[in-house]
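1. can't give you the sequence, but here's the structure:
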């Protein structure tokens, strides 16, 4: 293995290798992770002899020695080390040598056992305590997972892991101040808002004057004459603004404005501001439509919810068989063989105590057993395919957003699967990056959709278009506001005083959601928006809430072309029973089943492929069968 390859290998693990031990790396096993950011012979002696020193002080001594030629402090450390015997480095195994020759990317999880000496002495004099063993195990698992992420071309950009604590009123104030600053920064990029004035200065003016302000919508009302009055607040004060109903385009925008949004206004001040123009943060027109230079697919589903009596076990089994390449036509199995990632956008299980009387709908009443049931299902997905999971309102843990990633306390078997990547709700990950081809990868934002029900009822355009049946319009609204839940009462949330985790600060390439059990795909300014289907039948509780499910769909995204296809795993009979108004046209494709599993299947598996949306951003193919809802979404 070349010296530069060795250096790069350790740099990827945040370790800087000193030249004096570079040659020894091919013959010795060294710690992969340590509190030290640099490894040299002296530091290895510290690790081998389990010397208790302050890492920060020792590294300061190295800096003084190498940069400022002051060796006094460093010499004291070396003298301290000489008072104990230095153990020789342990020889590296043949397995290690062979793996190093392949480089970091060639290492599999099973071949990484040699590198799990994290923060461990190479030659131990004393056994580790039980507490140390637990910490060691956790560190080992995290290290294996990090190698898997790198090999799978995955980078977690944001996943909220801060612990809950007692929140105060001041935290809520700080949260809104932080949100205002983040969104104000986006709005300030607008040319029309360059000459901003604070509200405190505007209210002191005595003459009529054109003004520009950025603020939070504190109140909204309709005047006797039918105009819309918005009360705007910034850190310096409040002011009333009026949008005239005769300005049709501006008035329609004002109708969609909700409380607590951050907006920009330009108008004439005369005791109040008469609005001439209004601006929302929105996505810039310069947003690039990224496409992978290599062919590859990822699959999106949501609301799997095993544990319920209504769980569509047979349909989900078809989905897993297809993903494993066991059923489907030759073309369908070819697509399955090129699947690189699977995303499950929340509500992983049906949960316990989510709504009154849920116990009568449950087949599995213990939450841990529900997660075990899901783990048993996901084990059938090939291990080389990463499975991203985020929690939803049916999952264990706090309801307030952002919801932290699932932990082993309740979902140990699921989290322990080697290819499961657990992230928060919301979160953002980068996938399929290929620096060697100049491709930065796709930024994928996960959000289960806790605010969707609120906006389906409060946005006039969404309410008139079908409410919860139009998550595509809600996703468009949230992208325009650059926030996943702008209004205070739209969802429960954590008042993090440092920043607002629900702000869409970095525009994603894909926005993946669930929650309302609808299957829609749309495109807004080169952001592909997918609201994934569910895998449960219609319950009485859902009917009372007006939710019409479109179950058993999987979204297949071609990363090379950005085409999105929908596969419908319902039987033909069940598809025919769906609402004819919103139900799609189905194309039934004859199945070709592998001979080795054909004998095991008691029933003939029929996989009906429904091409609701074949292409999001390019010309729609004549082969696509597009539902009415999908056409409306593409038009919007």
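-> Done, it's in. Predicted model only: the values in this text are computed from it and were never measured. Numbers count the residues shown, from 1 in each chain.
2. List the buried residues of stretch 172-185.
-> For stretch 172-185, the buried set under the neighbour-count rule, 16 or more other C-beta atoms under 10 Å, comprises 174, 175, 176, 178, 179, 180, 182, 183, 184. All C-beta atoms are positioned from the backbone trio N, CA, C, and that covers glycine.
3. and those residues, which of them are in helices?
-> Counted as lying in helices by DSSP state H, out of these, are 174, 175, 176, 178, 179, 180, 182, 183, 184.
4. who's in contact with the last one?
-> Read it as residue 184. Contacts here follow C-beta atoms under 8 Å, 6 or more residues apart in numbering; on that basis residue 184 touches 214, 262.
5. Against residue 276, how distant is it?
-> Relative to residue 276, residue 184 is positioned 20 Å away (criterion: C-beta to C-beta, to the nearest Å).
6. Determine the three-state secondary structure at residue 327.
-> When the structure is reduced to helix, strand and coil (DSSP: H, G, I helix; E, B strand; the rest coil), residue 327 reads as coil.
7. Residue 389 too?
-> Residue 389 carries the three-state label strand when classified by three-state DSSP.
8. hang on, the earlier thing: could you export the buried residues of stretch 172-185 as CSV, including pLDDT and distance to residue 196?
-> Compiled in CSV, the buried residues of stretch 172-185 are given as follows (pLDDT from 0 to 100; distance: C-beta to C-beta, whole Å):
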residue, pLDDT, distance to residue 196
174, 94, 22
175, 94, 23
176, 94, 19
178, 94, 19
179, 95, 18
180, 96, 13
182, 95, 16
183, 96, 14
184, 95, 9
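9. Those into TSV, with extra columns for distance to residue 129?
-> As requested, the buried residues of stretch 172-185 are arranged in TSV below (distance: C-beta to C-beta, whole Å):
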residue	distance to residue 129
174	41
175	41
176	46
178	42
179	45
180	49
182	45
183	49
184	51
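10. now the strands: where do they sit in the stretch 351-500 of the chain?
-> Listed in chain order, the strands of the stretch 351-500 of the chain (DSSP state E, counting those that start in this stretch) span residues 387-390, 420-422, 427-431, 442-446.
11. So, low pLDDT: which residues of this structure?
-> The chain contains residues with pLDDT under 70 at 1-5, 8-9, 12-14, 23-35, 45, 47-53, 67-69, 80-128, 130-140, 579-636.
12. Please parse it into its domains.
-> The chain is divided into the following domains under automatic domain parsing: 3-151, 190-279, 297-424+508-635.
13. Quick one: end-to-end length of the second one, please.
-> Same thing as domain 190-279. 8 Å (C-alpha to C-alpha, to the nearest Å).
14. Can you get me a residue count around residue 496?
-> By the other C-beta atoms under 10 Å criterion, the neighbourhood of residue 496 contains 17 residues.
15. Not counting its neighbours along the chain, what's nearest it?
-> Spatial nearest neighbour of residue 496, chain neighbours left out: residue 175 (6.1 Å); criterion: C-beta to C-beta, 6 or more residues apart in numbering.
16. Could I get the full set of strands for the stretch 101-250 of the chain?
-> With strands called from DSSP E, counting those that start in this stretch, the stretch 101-250 of the chain shows them at 154-159, 209-222, 228-234, 237-243.
17. Can you tell me what sits against the first one?
-> Yep, that's strand 154-159 we're talking about. The list of residues contacting strand 154-159 from outside it, by C-beta under 8 Å, 6+ apart, reads 149, 341, 386, 405, 421, 423-424, 427-431, 433, 441, 443, 501, 506.
18. same thing but at 10 Å, please
-> Outside of strand 154-159, the residues that reach it under the criterion C-beta atoms under 10 Å, 6 or more residues apart in numbering are 146, 148-149, 340-341, 386, 388, 390, 402, 404-405, 421-433, 441, 443-446, 501, 505-506, 508.
19. Of those, keep whichever come out buried.
-> 146, 148, 340-341, 386, 388, 390, 402, 404-405, 421-433, 441, 443-446, 501, 508.
20. correct me, but residue 210 touches residue 276?
-> Yes - when contacts are counted by C-beta atoms under 10 Å, residue 210 is listed as touching residue 276 (8.1 Å).
21. Strands of the stretch 501-636 of the chain, start to end?
-> Remark: strands assigned in the stretch 501-636 of the chain by DSSP E, counting those that start in this stretch are 510-513, 520-524, 527-531, 553-558, 564-568, 587-588, 608-610.
22. count of residues packed around residue 447?
-> The number of residues packed around residue 447, counting by other C-beta under 10 Å, is 29.
23. Can you get me a residue count around residue 358?
-> Residues contacting residue 358 under the criterion other C-beta under 10 Å number 18.
24. if I look at it, how far off is residue 310?
-> Residue 358 sits 11 Å away from residue 310 when distances are taken as C-beta to C-beta.
25. Check residue 168 too.
-> Taking C-beta to C-beta as the measure, residue 168 falls 42 Å from residue 310.
26. of these two, who's got more company?
-> With other C-beta under 10 Å as the criterion, residue 168 and residue 310 differ in neighbour count, and residue 310 comes out ahead with 20 against 11.
27. Please name the nearest non-neighbouring residue to residue 443.
-> Excluding its sequence neighbours, the residue lying closest to residue 443 (C-beta to C-beta, 6+ apart) is residue 508, at 4.5 Å.
28. Could you do residue 478 as well?
-> Excluding its sequence neighbours, the residue lying closest to residue 478 (C-beta to C-beta, 6+ apart) is residue 484, at 5.5 Å.
29. which residues sit in contact with that neighbour?
-> By C-beta under 10 Å, 6+ apart, the neighbours of residue 484 are 401-402, 425-426, 445, 447-452, 475, 478, 490-491, 493, 500-504, 511, 513.
30. cutoff 6 Å now
-> With contact taken as C-beta atoms under 6 Å, 6 or more residues apart in numbering, residue 484 is in contact with 426, 447, 478, 502.
31. And it, how far from residue 437?
-> 32 Å.
32. next one: residue 448
-> Using C-beta to C-beta, residue 448 is found at 33 Å from residue 437.
33. okay, the two: which has more neighbours?
-> Under the neighbour definition other C-beta under 10 Å, residue 448 and residue 437 were set side by side, and residue 448 has more, 28 against 9.
34. Tell me if I'm right that residue 233 and residue 216 touch.
-> Yes - in this structure, residue 233 sits in contact with residue 216. The criterion is C-beta atoms under 6 Å, and the distance is 5.0 Å.
35. and these two? which has more neighbours close in?
-> Neighbours of residue 233 and residue 216, each counted by other C-beta under 10 Å, are more numerous for residue 216; the result is 22 against 17.
36. the helices in the stretch 201-350 of the chain, which residues?
-> In the stretch 201-350 of the chain, helices defined by DSSP state H, counting those that start in this stretch lie at 248-256, 313-323, 330-337, listed in chain order.
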